[in-house]
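Asker: give me the fold of what follows.
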Amino acid sequence: MTPESSATVLETRLRVRYAETDQMKVVYHSNYIVWFEVGRVEFMRQLGITYRQMEEHDEMHLPVAEVRCRFKASARYDDEIVIRTRIARLRSALVQFQYQVVRAEDGVLLAEGESTHVSVNAKMEKTPFPEKYMSVFRQAAGRASDAQTEAE
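Answerer: Here you go, the predicted structure:
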C-alpha cells in the first residue's frame with residue numbers, strides 16, 4: 001500500500017481464532033475477505049460513519065462490486081494481525097478500499113487487496129453519495145475538493 005501522503009490509513013487489530021484456521025492452524029483463505037470487511041467497517045467507524053446509519057437513516061447501501069486478495073505469507077492460529085485500510089479510489093457513487101493484513105509481531109505482510117463498492121439506494125439503484133459522506137471520504141482519501149474526485 002503506497003497511500004498518497006495525505007490519505008488516511010487506519011488500523012484495526014485482531015487475533016486469529018482457531019475457527020479461522022485449517023488442520024495445520026493456517027488461516028483459511030476466505031477469512032482474509034472477512035478481515036477486509038472488519039477493516040472497512042472500523043475504518044468508516046473511526047471516520048464517524050457507520051453502516052447502520054447509512055442503511056437506517058439514509059437508505060443507502062454499499063454492495064461489493066469487486067474484491068481481490070493477493071496472499072503473501074501465512075497467518076496462523078493466535079497471531080495478532082493488523083488490518084490497514086485506506087480509500088484508494090473515489091467517485092460520486094463508488095468507493096474502493098485498499099487493505100494490507102500484517103502480522104503485528106514482526107510486520108510481515110500476509111495479504112493485500114481491494115474491494116470496490118457502489119452506492120445504491122433501498123431499491124438497489126445506483127445513487128451518488130450524499131455530501132455528508134462524500135466530504136468525509138474525500139478528506140480521508142486526501143482529496144480536498146470535488147475537482148479531485150474522479151469523474152464517472
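Asker: ok, the nearest residue to residue 55 once chain neighbours are set aside to residue 39 distance?
Answerer: Residue nearest to residue 55 in three dimensions, not counting chain neighbours: residue 61, with 6.2 Å by C-beta to C-beta, 6 or more residues apart in numbering. C-beta coordinates here come from the backbone N, C-alpha and C atoms, glycine included. In this structure, residue 61 lies at 19 Å from residue 39, with C-beta to C-beta, to the nearest Å as the measure.
Asker: ok, back up a step: for residue 34, see how far away the residue nearest to residue 55 is.
Answerer: Distance check for residue 61 against residue 34: by C-beta to C-beta, it reads 19 Å.
Asker: which one's more surrounded, those two?
Answerer: The residue with more neighbours, out of residue 61 and residue 34 and counting by other C-beta atoms under 10 Å, is residue 61; that gives 16 against 11.
Asker: immediately after the helix or strand of the chain with the lowest mean pLDDT, which helix or strand?
Answerer: The helix or strand of the chain with the lowest confidence, counting by mean pLDDT, DSSP states H and E, is helix 51-58 at a mean of 94. The helix or strand immediately downstream of helix 51-58 is strand 60-61, counting by DSSP states H and E.
Asker: isn't residue 133 up against residue 49?
Answerer: Yes - the pair formed by residue 133 and residue 49 meets the contact definition of C-beta atoms under 8 Å, at 6.2 Å.
Asker: higher neighbour count, these two?
Answerer: Neighbours per residue, other C-beta under 10 Å: of residue 133 and residue 49, the larger number sits with residue 133, 21 against 17.
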